[in-house]
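In: this one's structure only:
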């Protein structure tokens with residue numbers, strides 16, 4: 001028996017599809033439609049949290065959390081309540097009654113306001129010659145082991161030209177990282193024997 005996996009706040013389907021390719025019952029959930037055909041719930045992830053998941057990988061929106069954008073709040077150009085609401089959403093996800101959990105975000109105030117991440121990964125550790133520090137907060141999961149360290153330290157996501165879809169392109173999970181999540185965490189779900197990482 002394979003595991004039930006919820007990918008919260010994902011429209012791209014990349015992490016969902018990586019787990020589905022290994023036979024897991026994987027669902028993505030987002031307020032947007034999915035970019036790729038597959039099991040997807042369009043709506044609030046709160047509607048899905050109580051459905052007996054074995055693993056959740058959550059990607060809460062970073063707009064009001066990322067350190068890179070906090071100057072808008074500190075300069076009084078943005079309502080501080082937006083950040084407080086975003087932090088409350090992170091707390092809700094971290095407290096979900098799901099045995100195995102990964103919450104992903106860029107370098108953000110989650111580290112100072114809730115807790116420090118368990119791991120920071122880079123795309124170049126997983127086959128993509130780029131830099132984009134990605135923090136992982138883990139429950140019951142081992143840290144990801146790099147799968148394909150490659151040359152290249154280009155910050156492509158930070159150099160994307162302005163445009164209506166810039167935020168979407170910047171928020172997509174790299175396929176190499178998605179594949180590593182499924183390959184390394186998926187075996188914990190097999191056989192109905194939930195085994196938390198040591």
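Out: Alright, I've got the coordinates. Bear in mind the structure is a predicted one, so any value in this text is a computation, not a measurement.

In: After the lowest-mean-pLDDT helix or strand in the chain, heading C-terminal, what element do we hit next?
Out: Least confident helix or strand of the chain, by mean pLDDT, DSSP states H and E, is helix 166-171 with a mean of 56. Later in the chain than helix 166-171, the nearest helix or strand by DSSP states H and E is helix 175-185.

In: Tell me, how many residues neighbour the nearest residue to residue 38 once chain neighbours are set aside?
Out: What sits nearest to residue 38 in space, not counting adjacent residues and going by Cβ to Cβ, 6 or more residues apart in numbering, is residue 13, at 5.2 Å. Every C-beta, even on glycine, is put in place using the N, C-alpha and C of the backbone. Residues lying near residue 13 (other Cβ atoms under 10 Å) number 23.

In: if I pick residue 183, what's in contact with it?
Out: Taking Cβ atoms under 8 Å, 6 or more residues apart in numbering as the criterion, residue 183 is in contact with 18, 22, 147.

In: Quick check, pLDDT for it.
Out: Residue 183 is assigned 98 on the pLDDT scale.

In: The one 3 residues further on now?
Out: pLDDT for residue 186: 97.

In: what about it, how many neighbours?
Out: Neighbours around residue 186, by other Cβ under 10 Å: 20.

In: so residue 136 sits right up against residue 104, yeah?
Out: Yes. The criterion here is Cβ atoms under 8 Å, and residue 136 meets it with residue 104 at 5.7 Å.

In: Comparing the two, which shows the higher neighbour count?
Out: residue 104 (23 against 19).

In: State whether the more buried one and residue 134 are indeed in contact, as I suppose.
Out: Yes. Here residue 104 reaches residue 134: they are 6.1 Å apart, a contact under Cβ under 8 Å.

In: So residue 91 belongs to a helix, correct?
Out: Yes. Judged by DSSP: H, G, I helix; E, B strand; the rest coil, residue 91 forms part of a helix.

In: Can you give me every residue that contacts it?
Out: Contacts of residue 91 (Cβ under 8 Å, 6+ apart): residue 114.

In: 10 Å instead?
Out: For residue 91, the contacting residues are 110, 113-114, by Cβ atoms under 10 Å, 6 or more residues apart in numbering.

In: next one: residue 117
Out: Per Cβ under 10 Å, 6+ apart, neighbours of residue 117: 103-105, 107-108, 110-111, 133-138.

In: I'd like those residues as a markdown table, with secondary structure appended.
Out: Shown next, in a markdown table, are those (three-state DSSP):
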| residue | secondary structure |
| --- | --- |
| 103 | strand |
| 104 | strand |
| 105 | strand |
| 107 | coil |
| 108 | strand |
| 110 | helix |
| 111 | helix |
| 133 | coil |
| 134 | strand |
| 135 | strand |
| 136 | strand |
| 137 | strand |
| 138 | strand |
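
In: Low-confidence stretches in this structure?
Out: Across the chain, the ranges flagged by pLDDT under 70 are 1, 71-73, 75, 77, 157-171, 191-198.
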